[in-house]
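**Q** my questions are about this predicted structure, shown below with the sequence.
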Amino acid sequence: MNRKRNALRQLMGACAAFFLYAAPSFAQLPSNVDIDLVEGPAANQLDVRLRANGADFGQLLSSLTFTVRWVGTSPATLTAGTSPWCPGPAFPIAPTTQVNSGGFNYRTYNAVSLVPLDDEDNGGCGATLTNGAWVTVHRINVNNNTGCTEFQIVNDSYTAANNRNFYISLNGVPKTGAIEPTTALRGNCAPDCLGVIGGTALPGTPCNDNNACTVNDVYTGTAPNCGCAGTFQDTDSDGVCDANDPCPTQANVVPGQSCNDGDACTINDVVTANCGCAGTFQDTDSDGTCDANDPCPTQANVVPGQSCNDGDACTINDVVTANCGCAGTFQDTDSDGVCDASDPCPTQANVVPGQSCNDGDACTINDVVTANCGCAGTFQDTDSDGTCDANDPCPTQANVVPGQSCNDGDACTINDVVTANCGCAGTFEDTDSDGVCDASDPCPTQANVVPGQSCNDGDACTVNDVVTANCGCAGTFQDTDSDGVCDASDPCPTQANVVPGQSCNDGDACTINDVVTANCGCAGTFQDTDSDGTCDANDPCPTQANVVPGQSCNDGDACTINDVVTANCGCAGTFQDTDSDGVCDANDACPLLPVLVNGDPAMTATRTPSTTW
């Protein structure tokens, strides 16, 4: 919509200029006009070029719009620029504010002119777009640019959405055209040693000459025709470069050669893959101590005097002997000739598990020597309540004591307790004394009351009162019209939210001020302003009795005839002027002749001096 309005304004301006332009007619217009953005003559300049196709053009360049785009990460900014082609009112170009959108920067340039290029008397510059030739029409400076930045005139989704596409109008006539797709480069855009525009691979910077024998490779020569070279590396100066030398820091050393690592614990020393010298660690018993330092080299982790196990269960305090053997002391604590390891009760002579004994505990029976040589019997607890039968007043009932609370299984009793003979009994419960125990009585506090019986809840608003499940009394709230007011309190119980005297609508167009009556009906006052027996709603002229549009009447004006009542109940007739001279017949001395009065030129031309009127 904005584009249409802008185009309309431009076209109107161009049309105004066209009619002010002195030339009698315009020459043939170009069929289309192309646009291009190229590098300018200075390192920080961009040139905008136009190319007319089909004809030269030097008249009214009514309107021009184009948008320059560059990457959004660039700090570069564009100036308003100047026109080396046509400065002044014939080509007044101006930019919009620079914006950033969708990863790009944009700046749009607009020109709207009312002065033809060739109208030099009114500010025209005499410039021309030559058929088929690119003409630089505007020059823009690039500021704050770093690196290498690509600039391009574009039509894209952003320019389309914001009315910024390329647009040109000649003599008020819109023309299509193409945008040259090439980009303009500004900034540090020289190729580096790899041919990358604005790249960092410059002479003196690191590279790789692909020679493993060199280090510190750098680019040499001049970009983009650079070489790459490094320094030959031979640390041990044996003529073999480090990259090919298995031991680059030791001259003429090769892994696998015999050597001496100076360690008495190793044998078969050779140069290792990492150019050290190492042998095989000699540890016959694999205990981590080499044979040269091990007092018992064939027994792992064995030292004379060290604890050991001679394999005889009857000995204790076994230690390694001086000749690396193992021996201990015979153990028999109760001196019964049986060593402790073979004696089931080594601290009690001639005692065997399973023998009868007495543990001295009245709560146990069948006491015997245990596997650990103690004396224990079976705990006797017939009811398995943790109290032995000897100490339990009710030994056949678990955790039962006379006087303790219990449950006799009868729902009609309460306060059940264990009796002296370990039975259970309680008190019969009948709160309302009606002969029915509370457990079986649906209303235990009200004698002879049963849910569902008729009752009276004392509320005038309810009907059908009955005893509830919880023994209360309740009825059904009666509200016939469902307005929240019970029928007993509602003046109009069959009409929701209706009260006598309230405004209503009786459905009769002939009445006004309708209100609810005492019997809950609805009635109003008959309205007949002119008292002609027809109510105002049905009366076409309610303020005039017996008057109907179309009836004959008299509007009191002598200049009208055929007066009738109008649709809005007024009275009007047809203005009568037979000779159509603007004077009604009633006031016209000669109603059949137009303007024939003394002094009229027409009359003077035809009358004779002797004629009288």
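**A** Everything's here; your move. Predicted model only: the values in this text are computed from it and were never measured.

**Q** what sits against the most centrally placed residue in the chain?
**A** The residue lying closest to the centre of the chain (CA atoms, centre = their mean) is Gly102, at 19.5 Å. With contacts defined as CB atoms under 8 Å, 6 or more residues apart in numbering, Gly102 is in contact with Gly72, Ser157, Tyr158. For every residue, glycine as well, the C-beta is placed using N, CA and C.

**Q** which non-adjacent residue is nearest the second one?
**A** The spatially closest residue to Ser157, leaving aside those adjacent along the chain, is Gly102, at 7.6 Å (CB to CB, 6 or more residues apart in numbering).

**Q** any idea how far the one you found lies from Thr476?
**A** For Gly102, the distance to Thr476 (CB to CB, to the nearest Å) stands at 71 Å.

**Q** with Cys357 instead?
**A** Distance from Cys357 to Thr476, by CB to CB: 85 Å.

**Q** need the pLDDT of Thr611.
**A** Reading off the confidence values, Thr611 has pLDDT 32.

**Q** for the stretch 1-150 of the chain, give me the ranges with low pLDDT.
**A** Scanning the stretch 1-150 of the chain for pLDDT under 70 picks out the ranges 1-27.

**Q** do the chain as well
**A** Applying pLDDT under 70 to the chain flags residues 1-27, 595-613.

**Q** helices of the stretch 1-150 of the chain, residue ranges please.
**A** Using DSSP state H, counting those that start in this stretch, the helices assigned to the stretch 1-150 of the chain run over residues 2-20.

**Q** before we move on, back to that, higher neighbour count, Cys357 and Thr476?
**A** More crowded of Cys357 and Thr476, by other CB atoms under 10 Å: Cys357, with 15 against 11.

**Q** just give the nearest non-adjacent residue to the more buried one, would you?
**A** Leaving aside its chain neighbours, Cys357 sits nearest to Cys375 (3.9 Å; criterion: CB to CB, 6+ apart).

**Q** that neighbour contacts Asp361, doesn't it?
**A** No. The pair Cys375 / Asp361 is not scored as a contact, 9.5 Å apart, by CB atoms under 8 Å.

**Q** who's more crowded, those two?
**A** Per other CB under 10 Å, whichever of Cys375 and Asp361 has more neighbours is Cys375, with 17 against 14.

**Q** I'd like to know how far that one sits from Ala229.
**A** Cys375 is 100 Å from Ala229, where distance means CB to CB.

**Q** and Thr560, by the same measure?
**A** For Thr560, the distance to Ala229 (CB to CB) stands at 118 Å.

**Q** mind listing what the residue nearest to Cys357 touches?
**A** For Cys375, the contacting residues are Cys357, Asn358, Asp359, Asp367, Val368, Val369, by CB under 8 Å, 6+ apart.

**Q** doesn't the third one lie inside a helix?
**A** No. Following the definition DSSP: H, G, I helix; E, B strand; the rest coil, Asp359 is coil and is not counted among the residues of a helix.

**Q** need phi/psi at it.
**A** Note on Asp359: its backbone torsions stand at phi -90, psi 0 [degrees, to the nearest 10].

**Q** about what we covered before: between the contacts of Gly102, which is nearest Cys277?
**A** Nearest to Cys277 out of these is Gly72 (CB to CB; 62.7 Å).

**Q** Cys590 touches Asp579, doesn't it?
**A** Yes. At 7.3 Å, Cys590 and Asp579 qualify as touching, with contact defined as CB under 8 Å.

**Q** how deep is the nearest residue to Asn131 once chain neighbours are set aside tucked in, by neighbour count?
**A** Of all residues not flanking Asn131 in the chain, Asp56 sits nearest, at 5.0 Å (CB to CB, 6+ apart). Neighbour count for Asp56, taken as other CB under 10 Å: 15.

**Q** roughly how far does Asp56 sit from Thr130?
**A** Asp56 sits 6 Å away from Thr130, going by CB to CB.

**Q** likewise Pro395?
**A** As judged by CB to CB, Pro395 and Thr130 stand 130 Å apart.
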